[in-house]
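A.B. asks: Need a 3D model of the following:
(2 chains)
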Amino acid sequence: KAGVTQTPRYLIKTRGQQVTLSCSPISGHRSVSWYQQTPGQGLQFLFEYFSETQRNKGNFPGRFSGRQFSNSRSEMNVSTLELGDSALYLCASSEGGLGSPLHFGNGTRLTVT
Amino acid sequence: DQQVKQNSPSLSVQEGRISILNCDYTNSMFDYFLWYKKYPAEGPTFLISISSIKDKNEDGRFTVFLNKSAKHLSLHIVPSQPGDSAVYFCAASAKSGGSNYKLTFGKGTLLTVNP
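C.D. replies: Model (predicted):
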């Protein structure tokens, strides 16, 4: 099976702009989660979607939003970008049941200038 | 407040010896624990997990031990191989919204296995 695919791999944006990141989960996986990785804070949970519904949410401002489509593909949007949003954004998918591990993509490296 | 702590930023071992990576947690609601390995420029790769109803889980060279009373878990790699050199993350979760995918990660331990 193909792994989790994230596009684009790298992105450079300017403060105040918005950005959309895309994630294609492993075939058959219905749960998609998003994480932010920064050197200072490490890996932090953003949100999780299952069957097009947000099932869990982390402690990020409303500028961070996401959605999931009927084919389980997911997008994450960040509006009004700030310098501190520069990070590696990781998407992970899972079958969705308790105890099923998350499988991560290679991430999108976002740089805000 | 860091709920999952990996107090050793780095660890160096000789090839063939045992690597022991440690992790402590503070949230008693955590009931599912995982270890991930991460190479530079790649996403974390799932290694092994353990539920709170167990105290040990083994998969090949990897064994995870859970001590609930001490809120401590460890990952043992035996024997260690140079290809195991990577950053290892401990993660924990509690059931929420019908899932356990809201993982809280430690800051990671860089393991170097010397030939």
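A.B. asks: and stretch B:22-30 with chain A, contact?
C.D. replies: No - Stretch B:22-30 lies out of reach of chain A by Cβ under 8 Å from any Cβ of the partner chain, never closer than 12.9 Å. C-beta here means a position set from N, CA and C on the backbone, and glycine is covered the same way.
A.B. asks: what about that stretch, start to end distance?
C.D. replies: Terminal residues of stretch B:22-30 lie 16 Å apart, using Cα to Cα, to the nearest Å.
A.B. asks: Also stretch B:77-91?
C.D. replies: With Cα to Cα as the measure, stretch B:77-91 spans 17 Å from end to end.
A.B. asks: Give the buried residues for that stretch.
C.D. replies: Residues of stretch B:77-91 classed as buried by neighbour count (16 or more other Cβ atoms under 10 Å in any protein chain shown): B:77, B:80, B:84-91.
A.B. asks: Now do the helices in chain B.
C.D. replies: For chain B, helices defined by DSSP state H do not occur.
A.B. asks: Closest residue of it to chain A?
C.D. replies: residue B:43 (3.4 Å; Cβ to the nearest Cβ).
A.B. asks: what about that residue, how many neighbours?
C.D. replies: Using other Cβ atoms under 10 Å in any protein chain shown, residue B:43 has 22 neighbouring residues.
A.B. asks: wait, what's in contact with the spatially closest residue to it that is not a sequence neighbour?
C.D. replies: Leaving aside its chain neighbours, residue B:43 sits nearest to residue A:104 (3.4 Å; criterion: Cβ to Cβ, 6 or more residues apart in numbering or on different chains). Residues in contact with residue A:104 (Cβ atoms under 8 Å, 6 or more residues apart in numbering or on different chains) are A:4, A:35, A:90-92, B:36, B:43-46.
A.B. asks: hang on, residue B:80 packs against residue B:20?
C.D. replies: No - Residue B:80 is not in contact with residue B:20 according to Cβ atoms under 8 Å; the separation is 9.9 Å.
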